[in-house]
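*Asks:* Fold the following and give me the result.
(chains A and B)
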Amino acid sequence: MRERARLPRLALALAGGLVGSAGCMHFGALDDPPQLSTHVGDWRDQVIYQLLVDRFADGDDANNYRRDPTGMARYHGGDWRGVEEKLDYLEELGVTALWISPVVKNVDTDANVDGYHGYWAQDFTQPNPHFGDLADLRSLVDAAHDRDMLVIIDIVTNHVGQAFFYDINLNGVPDIQLQGDGRPGKSPVGHITEYDPDFDPRGIQAFTSLGEAGPAPAIFQYDPATNHIPPYPELFAKPEVYNKRGRTFNFDIPDQLLHGDFPGGLKDVNTTRCDVKREFVEVYARWIELTDADGYRIDTIKHVEYEFWRYFTQRLRQRLKKSGKEKFLMFGEAFDGNDALVGSFTRNDYYNHWTEDKLEAADALERDAECGGDGPVLTGDMLDSAFYFPQHYQVFGDVIRGGSATQKIADLWGTRAQNWGNTPPAGGIGLVPSKTQINFIDNHDVARFLYWLQGEPGEVSRGMLHNALLLLFTMDGIPNLYYGTEQDFDGGNDPSNREDLWKSDYRTDGATFKWIQRLIKVRKAYQALRKGDTLVVWATEHTDAESDAGIFAFERFGGDAGDNYALVVMNHNRSNQAAPEFDGSKMKVSVGPGTVLVDVLSTAKTEYTVDVDGTLGVLLPPLTAAILIPKGAVASGT
Amino acid sequence: MHLRSLPLAAPPSASPDLLAPPRGGLWARILAGALGLGLGALPTRASAAPPPPTSSSIPADAEADADGDDAAPPPGDADATTPAPAEATSSGTSSGAADPSTSGAAEVRADSATAALETKASDRPKASGRGAPHDPNTPPDYAQGFHFGSYGRITSGGDATGRPGRNADIVAFGSRLDEQSYAELEVRREDYWEATDSYTRAVITLAFTNPIFHYTGKFDASIGIRNLYIEAADLGVKGLRVWMGSRMYRGDDIYLLNFWPLDNLNTVGGGVGYWFKRGTVFKVHAGLNQPNNGFFKQVVDRPPVQNQLGATEVAILDRQKLITSAKLEHTAPAGESGGIKATVYGEFHWTGKGQREIADQVYEALPADKGFVVGAQGSAFTGKRSTHLNLVVRYARGLATYGEFNAPVQLAPDRTSKGAQELLFALSGNWERGPFGVMLGSYYRIFRNAAAGLDFHDLNEGIAIVRPQVWLGKRKFAGIALEASFQAQQRGSIVLGDDGSASPLFGKVGRVGVIPFLTPGGQGAFTRPHFQLIYLLTARNADARALYVPEDVFARRSVDHFIAITAEWWFGSTSYFRD
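*Replies:* I've put the predicted structure just below:
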């Protein structure tokens, strides 16, 4: 009898088990309301890894809609689940913060190019279904936090995707026309695309054979198959929230820079409107409240007015703080080599695009007051940091790859305190902007470092890359590594620089992977390399065979690093060994005579002793470097 | 209920006295057994016999699964105006709602036959021609020669605003009251072969669905060949049957839902069945098909050979799906006329490896794929007036999760259906007493595709439906039925609450129908033909409306009305009586 009674129970248990295993419909962390918290102490302790979600890892076949891995400008299938599944790889590399592609729904495809990169927003409230759903995104953030890793989301406020066309000839449909035949005595050839006409400061004008006919109507496209549908929230479906002046063709003209459509027909939002400012705060605060992500990388900041950044950053910080999120990092991309321009977005005393006196605050604060009545009085605070594009060009491009004098590095660094500002934004990450710049060698908008060295011998190109990486991980600021660098990817300009990482098989035994792994380990081990102030102790104008040609040396000590000390000496000379000395002059260091410094990068842990006169001699082979740590402070395992 | 599943069907060889061609032979005996006519009672339908067991309710109407006419569109192909049902439905059920007609029909016939047997001869209609009067709800007369049978339903109606009627269920298998017109025409050839003392039957069934000429005015039709096979019985071994060809192959259905919950296959192949002497039947089958999907076949253009100009086609991917099934069923008598039936069932699905072109001359390897189904059914029946209760549990995994005609479109990382699964519990029944009757059906289904995590195509769904009815008048030629159902579906699509917490999309639909009808065959839940007047009210919650695009009327209406007249019939078709 007992056996008989057991059978139904077993059957019930089996059925229950099956239902339980297959049937519960839960969304993991999303089952509970998100609780925001601060997951970071000092952002300088972080190593950011920038990845394009579409190209990093494909973890879910369900979202592989319109996948075409043969076209570099097409969707390739990567997604958030894929990123989460590869966290072991990233953790092994040593990076601690992931900067991921924009998460919002995009125009799917336009002119045979896909929105795989994420910068063509169509719906600011919905996740990009190619990358997964909100549960996947939240799961990625949670999984990263579980490993003490952070997540930074890329956002855009300057523009939306190809949302509308200018009906220049008033026929109600988008046209691409050629006008005139160009023959002598005839009218010149004119090429007009109603999707992306050239900038007109009056706004794009309609015209007929009888002449101009007033502002060209902006007509929103409606093609669900390609997700060319009016942007959302509804505010962005109103023509009046766009500047409607056409495509920027001269970025040096402020009117075009700020009000022109981004090339490619990306429609420029009028970011001076109070309703636009508020809507952007709303939608982007919401994403953090839903995901608990730790920062925003902000696209195209130089195309947006300072007044927007004052409002957006301050209101966003205030709102997130109420929810429990502090030290929320916001850094922007000003794709420009002008250090004063790039640094202007982190200063709290910089107001105007329109006058020579950028510090003139009167009319700017007046404009701020129009929108700022919805909270505390707005100050001059803007972003926490910015992408250090000037360094990308002048240091990694000109000096390390191009062989220019290392004095150029010192010169650039020397201006940062003035250009970037020394006052942390209130409620920001709590760090001085001039010491928290986002350093990078290359990224998704520029050709990879190795692309320019494809004709060089392997030891040269790799030596240069490894020296560049050493500088990246030893200088002040926050290092940012572009995905694929660890796999020696060498793609050219966009989109060739957006290779599929899975083609590398995620190998972890390559020389560059190992080199990065080691450098990160060293950076983590020595507080001086993360938080010390910087003092350049040797830079040179020499670039040939002089004894110091290619040498660049700097110390990291003091500041938030206290008494910790590190000395970095690099030889960027591709042909000759060199040392920080020339014509009887030698490098003077800040540690006392007799101090023994150990090169923690060398296999033999080579030691150097400071001379009685406070100088130090270090002879380095071509394209090598040394990281010198006082002997008593050398950490085990480095 | 298939006759084959009826408990009292003795093995043909057990009663040689029944072998009396051309009256029916084996087929007739089986049918008679299925109908509960008892051994030795068979040759004439008029023989007194116990009423048919009704454990199974389903005549085989193939319409639903194979052709996809009723089938839910696969994800991505779904009509924008239609909520996308599950990516794939239970294997046995394919993705569409099964066609109700035939199934219920089968049993109906059985019961009708019983009823007819219980009817006094004087009450029967006069024979119009030769022989005894024919009751169309009884099995076909298995005489040698050609025979014709049919199932059909034709509907004319729409909503309260004049729009055409349209299936408003959000679950894969809902009320059949608003299903579209459909018909099967079956021609058979049956022979007794004296040389081998065996029987053969060739079956050809043509099925038609919309469009109907008188509706569109166009000479156009959607036609499918639902059966094209030949079967031999008693060839060499009494009790053994062998068939080959293209065949609907299924078990018992839930008439109200037009749904075959345990087994429902459509393949080209063959099978063997053996009827043991004591109510046990064992059947195995193997068949092939090739769903019309890029997971199985891809044809691309290539330059012709031998320096010829132009392009020629080549199948880069061309793999079939092998489907095998096995079924063991035992029926034991219980009580005066009833019985219980137990069924265990399994399927194995397999397809070979291949490759497909994902961009010009860029190939993606597709590994071999496989899956299985295990299931069981328990049935009890009184043997009187189709009163029965069926319980089914079924679990499918891998390739078998998608049924025989669907293909996975959301794959596991290794490009297989590994990880896909479906769990199904189903219930159906009928009860009749005096002028009253109640039909019921229900199922709960959990479906997960092979892709990681939850997405819109992952779902939990279920429905409960009940149809009480009463037959009126002395001859019970009219009646009225009420139908009430509640269906709910969760999809793996996130709905955020105000506090940021997430829950799945949870659509709910309630439906209430009133169906006055005329029934020339008299009372009986499965007696046909029926002339029906239908009013069906549908109420849907916000999440159910969210399954439709905003411009769809179903997205805008929380309450909907459907009004229609429908004729439904079945007679003389093996779709209802085959085994």
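
*Asks:* pLDDT value on residue B:352, please?
*Replies:* At residue B:352, the model reports a pLDDT of 98.

*Asks:* what's the neighbour count on it?
*Replies:* Neighbourhood size, residue B:352 [other Cβ atoms under 10 Å in any protein chain shown]: 13. All C-beta atoms are positioned from the backbone trio N, CA, C, and that covers glycine.

*Asks:* With residue A:224 instead?
*Replies:* 10.

*Asks:* Residue A:321 reaches residue A:426, doesn't it?
*Replies:* No: applying Cβ atoms under 8 Å as the test, residue A:321 and residue A:426 come out as separate, 10.4 Å apart.

*Asks:* Alongside chain B, which residues does the stretch 451-600 of chain A contribute?
*Replies:* Not one residue of the stretch 451-600 of chain A sits near chain B, judged by Cβ under 8 Å from any Cβ of the partner chain.

*Asks:* Which parts of the stretch 451-600 of chain A are strands?
*Replies:* A:478-482, A:533-538, A:551-557, A:565-571, A:581-582, A:585-586, A:596-599 (DSSP state E, counting those that start in this stretch).

*Asks:* Is residue A:441 in contact with residue A:393, as I believe?
*Replies:* No: in this structure residue A:441 lies outside contact range of residue A:393 using Cβ under 8 Å: 11.3 Å.

*Asks:* Reformat the strands of the stretch 451-600 of chain A into CSV and put mean pLDDT and mean neighbour count next to each item.
*Replies:* Shown next, in CSV, are the strands of the stretch 451-600 of chain A (pLDDT from 0 to 100; neighbours: other Cβ atoms under 10 Å in any protein chain shown):
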stretch, mean pLDDT, mean neighbour count
strand A:478-482, 98, 26
strand A:533-538, 98, 18
strand A:551-557, 98, 25
strand A:565-571, 98, 27
strand A:581-582, 97, 18
strand A:585-586, 96, 15
strand A:596-599, 98, 21
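
*Asks:* Run through the residues that contact the residue of the stretch 251-400 of chain B found nearest chain A.
*Replies:* The nearest approach of the stretch 251-400 of chain B to chain A comes at residue B:359, 3.7 Å away (Cβ to the nearest Cβ). Contacts for residue B:359 (Cβ atoms under 8 Å, 6 or more residues apart in numbering or on different chains) come out as A:68, A:69, A:70, A:71.

*Asks:* Go again with 10 Å.
*Replies:* Contacts of residue B:359 were listed using Cβ atoms under 10 Å, 6 or more residues apart in numbering or on different chains, and they are A:67, A:68, A:69, A:70, A:71, A:74.

*Asks:* okay, now the third one: neighbour count?
*Replies:* By the criterion of other Cβ under 10 Å, residue A:69 has 19 neighbours.

*Asks:* Strands of the stretch 151-300 of chain A, residue ranges please.
*Replies:* Using DSSP E, counting those that start in this stretch, the strands found in the stretch 151-300 of chain A span residues A:164-166, A:176-179, A:190-193, A:205-208, A:211-215, A:218-220, A:295-298.

*Asks:* For residue B:373, what is the enclosing helix or strand?
*Replies:* Per DSSP states H and E: residue B:373 is located in strand B:369-381.

*Asks:* helix or strand right after that strand?
*Replies:* strand B:388-398.

*Asks:* In the helix or strand that that next one is followed by, which residues are buried?
*Replies:* Later in the chain than strand B:388-398, the nearest helix or strand by DSSP H and E is strand B:421-433. Neighbour-count burial for strand B:421-433 flags B:421, B:422, B:423, B:424, B:425, B:426, B:427, B:428, B:429, B:430, B:431, B:432 (criterion: 16 or more other Cβ atoms under 10 Å in any protein chain shown).

*Asks:* same thing with stretch A:543-550?
*Replies:* By neighbour count on 16+ other Cβ under 10 Å, the buried set for stretch A:543-550 is A:543, A:546, A:547, A:548, A:549, A:550.

*Asks:* Return the alpha-carbon coordinates of it using PDB.
*Replies:* Taking Å, rounded to 0.1, in the frame of the first residue of the first chain, the C-alpha atoms of stretch A:543-550 are listed here in PDB:
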ATOM      1  CA  THR A 543      64.400  62.500 -32.100                       C
ATOM      2  CA  ASP A 544      67.500  61.000 -33.900                       C
ATOM      3  CA  ALA A 545      70.500  59.400 -32.400                       C
ATOM      4  CA  GLU A 546      71.100  61.700 -29.500                       C
ATOM      5  CA  SER A 547      71.600  60.000 -26.100                       C
ATOM      6  CA  ASP A 548      68.200  60.900 -24.900                       C
ATOM      7  CA  ALA A 549      66.300  60.800 -28.200                       C
ATOM      8  CA  GLY A 550      62.900  59.300 -27.500                       C
END
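
*Asks:* ok now that stretch, how far from the chain's centre?
*Replies:* Offset of stretch A:543-550 from its chain centre (Cα atoms, centre = their mean, to the nearest Å): 34 Å.

*Asks:* Check stretch A:84-96 too.
*Replies:* Distance of stretch A:84-96 from its chain centroid, counting by Cα atoms, centre = their mean, is 18 Å.

*Asks:* all helices for the stretch 401-550 of chain B, in order.
*Replies:* B:542-545 (DSSP state H, counting those that start in this stretch).

*Asks:* just checking, residue B:561 touches residue B:536?
*Replies:* Yes: here residue B:561 reaches residue B:536: they are 7.4 Å apart, a contact under Cβ atoms under 10 Å.

*Asks:* By residue count, which strand of chain B is the longest?
*Replies:* Counting residues, the longest strand in chain B under DSSP state E turns out to be strand B:478-496.

*Asks:* Show me what that one is packed against.
*Replies:* Packing contacts for strand B:478-496, counted by 3 or more Cβ pairs under 10 Å, 6 or more residues apart in numbering or on different chains; DSSP states H and E, involve helix A:134-146, strand B:436-448, strand B:459-472, strand B:502-518, strand B:530-540, helix B:542-545.

*Asks:* Can you say which of the ones you listed is nearest to residue A:366?
*Replies:* helix A:134-146 (39.5 Å; Cβ to Cβ).

*Asks:* picking that back up, residue A:441 and residue A:393: which is more packed in?
*Replies:* residue A:441 (25 against 17).

*Asks:* Quick check, the more buried one in contact with residue A:389.
*Replies:* No: in terms of Cβ under 10 Å, residue A:441 does not count as a neighbour of residue A:389; the distance is 11.6 Å.

*Asks:* Spell out which parts of the stretch 451-579 of chain B neighbour chain A.
*Replies:* B:451-460, B:490-506, B:549 (Cβ under 10 Å from any Cβ of the partner chain).

*Asks:* Now name the helix or strand holding the nearest residue to residue B:206 once chain neighbours are set aside.
*Replies:* Take residue B:206 and drop its neighbours on the chain: the residue closest to it by Cβ to Cβ, 6 or more residues apart in numbering or on different chains is residue B:185, 4.9 Å away. In this structure, residue B:185 sits in strand B:182-193 according to DSSP H and E.

*Asks:* which element follows that strand toward the C-terminus?
*Replies:* With DSSP H and E, the next secondary element past strand B:182-193 is strand B:198-209.

*Asks:* Following that next one in sequence, what is the next regular element?
*Replies:* Downstream of strand B:198-209 (by DSSP H and E), the next one is helix B:213-216.

*Asks:* tell me what that following helix is packed against?
*Replies:* Using 3+ Cβ pairs under 10 Å, 6+ apart: helix B:213-216 touches strand B:145-159.

*Asks:* what packs against the strand it packs on?
*Replies:* Using 3+ Cβ pairs under 10 Å, 6+ apart, the elements in contact with strand B:145-159 are helix B:100-118, strand B:182-193, strand B:198-209, helix B:213-216, strand B:530-540, strand B:559-571, helix B:574-577.

*Asks:* orientation of it relative to strand B:182-193 in degrees?
*Replies:* 170 degrees (axes from the mean of the first three to the mean of the last three Cα atoms, to 10 degrees).

*Asks:* Tabulate the buried residues of stretch A:543-550 (CSV), appending pLDDT and distance to residue A:271.
*Replies:* CSV is the format used below for the buried residues of stretch A:543-550 (pLDDT from 0 to 100; distance: Cβ to Cβ, whole Å):
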residue, pLDDT, distance to residue A:271
A:543, 96, 44
A:546, 96, 51
A:547, 97, 53
A:548, 97, 48
A:549, 97, 48
A:550, 97, 45
